[in-house]
Structure formats: structure tokens, C-alpha cells
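K.L.:
coords please:
(one chain, ligands or ions: 1)
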Amino acid sequence: MPEPGPSARPPIEPYKAKVVEPIRLPTPAEREAALARAGYNLFNLLSDEVYIDLLTDSGTSAMSDRQWAAMMVGDESYAGSRNFQRFESAVKELTGFPHIVPAHQGRAAENLLFSLLVRPGTKVPNNMHFDTTQTHVVRNGGAAVNLAVDEAYDPDSLHPFKGNMDVGRLEKLLLGASAGEVPLVLMTLTNNTGGGQPVSLENLTAVAGICRAHSVPLYLDMCRWAENAYFIRVREPGQGGRSIPEIGRSLFDLADGATMSAKKDGLVNIGGFVATRDRALAERLKEELIVFEGFPTYGGLARRDLEAMAVGLWEATDPAYLAHRIGQVQYLADLLGEAGVPFLKPPGGHGIYLDVRRFLPELPKSELPGQALVVELYREGGVRTVEVGSIMFGESEGGHGPPPLELVRLAIPRRVYSSAQLAYVADVVARVYRRRGSVRGLRMVYAPERMRHFTARFAPSSG
Ligand SMILES: *Cc1c(COP(=O)(O)O)cnc(C)c1O
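P.N.:
Presented below is the predicted three-dimensional model:
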């Protein structure tokens, strides 16, 4: 792939706005006060204290006029709602999976599936677990094993499919496992923890073959499957002439089921599901669903939310939308590249991941450089980002595999920010990079037992 040139042009939006939400840059004094109040954890900021919010692309999408119109035909019946039928048909048609269990978001789907399949002493391989996925494996007594290819850990490798799994290591793990020790293999499309990097159809085919040979079910963590399919279309030989739904079907046909957070490629603010080919498992999932989420025709959601998902899941397959979305990420990458800012290459599908070790080489690990950079980007320009590194995936969180890269993620919400706003973000990052010697370290003063990045508190380090 060619390295981005210096004359980056913003991609043109394939939509126009008809509703707007004003935003305001807080003053430097307001930002400093907000940081202190928040314990230097940006999850504790009020959204009004944030100017450009790149904390996550999850549930932060702008819905389309068609989705809002769909919300108005909500049939809020407890059981047998029309919206559930439309949602179920949309997911079945897209994925080909026969049994669809709705859930209010991705982790609820993970809870349903993993609480049934994962037992103490088991191992769950994945290219890389995301935070909630890892937590649900670990809380059910399993070990979350990351098996991404070596290139995934090299920030400079331009490998087109850094989300791929190392099939040799998967084969070895399955050969050495006792019966039932590996209850399922997961593949995350795209690999969020590893930088939003895609998995190739070729690699998923190989992984599925190994799983079949060992009679272990393969499930997809399919949150960003449409972005993954887009990368397959533009990067994988022979795939350029196929539509996103066609490529998607090739992916889903290889798997036994999936969990989905529709807050990503469902283009909704809340929603998710588990899908499976296993009828008996589906019955048990529904029993769990009734205990934890609600009746199987709403799964913890308002029925209007199901209708919005039915529309959004298809909108996310529009090639013009995907070209613009992934073009926006590339545009931001081009601007950062011009400023010499180190980030994970090639840019992924949903955001830029700054390479903290090279951004702040002077700051030792004990001074939490990832979080320090997150704090500094907010201090500089009111931009909210998140650490994806040793705070999110530290030893205490129960992961197995190579230590994660130290990254700061700038996640781009779908259909929300203009290219001018992204150019502002690039400016803020470049300014902090130029004065990187002045960035101060942090220490953790409070850490909860699980998923500590959400609620930990920090203070400036004394060093
Ligand atoms: C967001 C996400 C989840 C969890 O979904 P939620 O809707 O946030 O609960 C799981 N896996 C991956 C890869 C994700 O990005």
C-alpha cells in the first residue's frame, strides 16, 4: 500500500446535516479544573467539558433520517413486536445465522454466550480480546488467549491484515488441548485492541478449517464487520468486485455464530445480539436472556431500538458511507503523518492509535505514559481520547499473550465530525507532540478490581 502523501484531501461527506448539536471549547482554566475533578480519568468528564469527543465510536453514531423515522413505528408490545420480526429478518438476511437473540449491547451478548460456554480451566483463543470480552471470559473462569500474528505487534508493519490470527499457534494450542478445554474460538472483526486492523477472508478461512478439524465452534466478535469487509474489498486479491453484504456472507458462512455490539456497525446508540447456528444453545441463550435482559422479542431494548438497528445494519454496508468513514480515518492519519506524529500503521477502520512508546519515549512505564498523553490532549485542546494499553489490559485484568502495545486511541464516531474538526484534532496532537518533553507523568491513586480504566483515578506523579 502506498504511504499517504502530504497533500491529503478530506473525503467528501455522502450526507448532509439537518439537525445540529452545538459544542464549545472550554477555557484552559475550565479544562484544568475539570481534569482535577475527574481524577485525571476522562471517563469522569462531563460531555459539556469536552470539545471533540473521540473517547469511543461505540453508540456515538449519528442516526439517519430513515432510522429516526423507523423509531416512530415502534410497536412497544412486550411480546411478538413487529419491530423484532424486522430486526430478526435483517440480521438473518445479512448473516445467514438462523437463531438471533437480541441484547442491549455487546457485553450483554458476551455475558449470555460466555456464561453458557466458558467454564473454569478453559481457554478462549482470539486474535485479540477487547476489554469487555476478556473480562467476560475471565469472570467465567477461562483464560483469554491472544493469538494475533506477529505483525500486529509491530507499529510500523504495513501488513494489510494485521488483525489476522497466527494459525500455527492456534493449531498448536488446539492440538495440546484436552477435550472441552477450548469451548470456542473467537475472531474479532476488526481487531479493536490491535488498532482496528482487519482480518482477511483467507485467514478466517484457515482458522475455520482448523476449528472444524478439532470440532471447536468458531464465533465472530462482529462489531465492526462492515469496516472489515470494506478492507477485504479494497485490499484482498479477487475481492474488489464483490459487495459488502456478499463479502460479509463469506465471513459469516465460516462461523458458527457471533456476538455483536450494534453500537458500532449497527449505526445505533444502543443494541446488540448473539447469533448462532446451534438450536439447542439458542434455547439456553433465551432462558438466560429472560433472566438478565428480558423477553426474547426485545432483549433489554425498546422495540423502536430494534427497528433502528434493522435499518442501521444495512446502512453500514453502503460503500459510499464506508469509503467516507475509512477515508476520514485516513485523512487524519495523513495530517498526523505530515507532523511526524508516531501512530500505528496502517490506520485502522475506526480510529487512529497513537504509539505512546515513541510519542513519549522519556516517560517510564511507571509514570503511565498512555494516560498522561490522554490527559495532555485534553489539556491542549479539549479532545477526549482513551488509553488502550497497560491500564486497560494490565496483568491484573487476566489476559494471556504478548504484552499489549501502549496506545492512545482516537476513535472517530460515525457520521458525526467534519473534516475541519478532524484537522483541528490533528493540530492539537501535533502541538502536544512538539512540546512532548513537557508532558508530566501520572500515578494511579484508585483502581477497582475489574475493567479499571473506566473508574480508576490518577494524580500527577511527584517525579
Ligand atoms: C464495543 C466492543 C464490545 C462490547 O460491546 P458494548 O456494546 O460496548 O458492550 C465487544 N467487542 C469489541 C471488539 C468491541 O469493540
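K.L.:
and the pLDDT for the one residue in the chain that gets nearest to the ligand?
P.N.:
Going by Cβ to the nearest ligand atom, the ligand is nearest to Gly106 of the chain, at 2.2 Å. Using the backbone N, CA and C atoms, a C-beta is placed for each residue, glycine as well. With respect to pLDDT, Gly106 has a value of 97.
K.L.:
I'd guessed it sits against Leu220; true?
P.N.:
No. Using Cβ atoms under 8 Å, Gly106 is not in contact with Leu220, being 11.9 Å away.
K.L.:
common neighbours of those two, please.
P.N.:
Taking Cβ atoms under 8 Å, 6 or more residues apart in numbering as the criterion, Gly106 and Leu220 both touch Thr259.
K.L.:
what sits against the residue of the chain closest to the ligand?
P.N.:
Going by Cβ under 8 Å, 6+ apart, Gly106 touches Thr132, Asp221, Cys223, Thr259, Met260, Ser261, Lys263, Lys264, Gly272.
K.L.:
could you redo the last one with a cut-off of 7 Å?
P.N.:
Shown in contact with Gly106 (Cβ atoms under 7 Å, 6 or more residues apart in numbering): Thr132, Cys223, Thr259, Met260, Ser261, Lys263, Gly272.
K.L.:
setting aside sequence neighbours, what's the nearest residue to Ala323?
P.N.:
In space, and not counting its chain neighbours, Ala323 is closest to Pro11: 7.0 Å by Cβ to Cβ, 6 or more residues apart in numbering.
K.L.:
in three-state terms, label that neighbour for me.
P.N.:
Three-state assignment for Pro11 (DSSP: H, G, I helix; E, B strand; the rest coil): coil.
K.L.:
so in this protein, which helix runs the longest?
P.N.:
helix 319-338 (DSSP state H).
K.L.:
circling back to that earlier point, okay, and which of the contacts of Gly106 map to strands?
P.N.:
Counting by DSSP state E, the contacts of Gly106 place Thr259, Met260, Ser261, Gly272 in strands.
K.L.:
turn those residues into a markdown table, columns for pLDDT, neighbour count and distance to Leu42.
P.N.:
Below are the ones in strands among the contacts of Gly106 laid out as a markdown table (pLDDT from 0 to 100; neighbours: other Cβ atoms under 10 Å; distance: Cβ to Cβ, whole Å):
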| residue | pLDDT | neighbour count | distance to Leu42 |
| --- | --- | --- | --- |
| Thr259 | 98 | 30 | 27 |
| Met260 | 98 | 29 | 26 |
| Ser261 | 98 | 28 | 21 |
| Gly272 | 98 | 29 | 24 |
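K.L.:
if we look at the ligand, which of these are close to it?
P.N.:
Among the ones in strands among the contacts of Gly106, proximity to the ligand is found for Ser261, Gly272 (Cβ under 6 Å from any ligand atom).
K.L.:
relative to Arg452, which of the ones in strands among the contacts of Gly106 is nearest.
P.N.:
Minimum distance to Arg452 across the ones in strands among the contacts of Gly106 is 20.6 Å, recorded for Ser261 (Cβ to Cβ).
K.L.:
doesn't Gln105 make contact with the closest one?
P.N.:
Yes. Between Ser261 and Gln105 there is a contact at 5.5 Å, judged by Cβ atoms under 7 Å.
K.L.:
which residues are common contacts for these two?
P.N.:
Common neighbours of Ser261 and Gln105 (Cβ under 7 Å, 6+ apart) are Gly272.
K.L.:
quick one on the thing from earlier: from Gly59, how far out is the residue of the chain closest to the ligand?
P.N.:
10 Å (Cβ to Cβ, to the nearest Å).
K.L.:
near the ligand, which residues of the chain?
P.N.:
Residues of the chain found near the ligand (Cβ under 6 Å from any ligand atom) are 58, 105-107, 130, 132-133, 188, 192, 221, 223, 261, 263-264, 272.
K.L.:
before we move on, the earlier item: got the buried residues for the longest helix of the chain?
P.N.:
Using 16 or more other Cβ atoms under 10 Å as the test for burial, helix 319-338 gives 321-337.
K.L.:
follow-up on the earlier one: can you list the contacts of Gly106 in JSON lines and add distance to Val234?
P.N.:
Putting the contacts of Gly106 into JSON lines (distance: Cβ to Cβ, whole Å) gives the following:
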{"residue": "Thr132", "distance to Val234": "29"}
{"residue": "Cys223", "distance to Val234": "20"}
{"residue": "Thr259", "distance to Val234": "26"}
{"residue": "Met260", "distance to Val234": "23"}
{"residue": "Ser261", "distance to Val234": "24"}
{"residue": "Lys263", "distance to Val234": "25"}
{"residue": "Gly272", "distance to Val234": "27"}
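K.L.:
which single one of these is nearest to Met71?
P.N.:
Lys263 (15.7 Å).
K.L.:
I'd assumed Leu301 was in contact with that closest one.
P.N.:
No. With contact defined as Cβ under 7 Å, Lys263 does not count as touching Leu301 (11.7 Å).
K.L.:
any common contacting residues for these two?
P.N.:
Ile270, Gly271.
K.L.:
tell me the SS of Ala420?
P.N.:
Per three-state DSSP, Ala420 ends up helix.
K.L.:
how confident was the prediction at it?
P.N.:
pLDDT for Ala420: 96.
K.L.:
from Pro413, how far off is it?
P.N.:
Counting by Cβ to Cβ, the gap from Ala420 to Pro413 is 15 Å.
K.L.:
tell me which of those two has more neighbours.
P.N.:
Pro413 (20 against 8; other Cβ atoms under 10 Å).
K.L.:
which residue sits closest to the residue positioned nearest the centre of the chain, ignoring its sequence neighbours?
P.N.:
By Cα atoms, centre = their mean, the chain has its centre lying nearest to Asn192, at 4.3 Å. Leaving aside its chain neighbours, Asn192 sits nearest to Phe130 (5.0 Å; criterion: Cβ to Cβ, 6+ apart).
K.L.:
so the one you found versus Cys223, what's the distance?
P.N.:
The spacing between Phe130 and Cys223, counted by Cβ to Cβ, is 8 Å.
K.L.:
got it, and Ile290?
P.N.:
24 Å.
K.L.:
just want to know which of those two has more residues nearby.
P.N.:
Comparing Ile290 with Cys223 by other Cβ under 10 Å, the one with more neighbours is Cys223, at 29 against 12.
K.L.:
OK, contacts around that one?
P.N.:
Gly106, Met260, Ser261, Lys264, Asp265.
K.L.:
what about the last one, how many residues nearby?
P.N.:
Using other Cβ under 10 Å, Asp265 has 31 neighbouring residues.
K.L.:
OK, contacts around it?
P.N.:
Cys223, Arg224, Trp225, Ala226, Glu227, Ala316.
K.L.:
three-state assignment of it?
P.N.:
coil.
K.L.:
and it, what's its pLDDT?
P.N.:
For Asp265, the model assigns a pLDDT of 98.
K.L.:
beyond the worst-scoring helix or strand of the chain on mean pLDDT, next helix or strand please.
P.N.:
Comparing every helix and strand of the chain by mean pLDDT, DSSP states H and E singles out strand 399-400 as the least confident one, with a mean of 69. Next along the chain after strand 399-400, taking DSSP states H and E as the criterion, comes strand 407-411.
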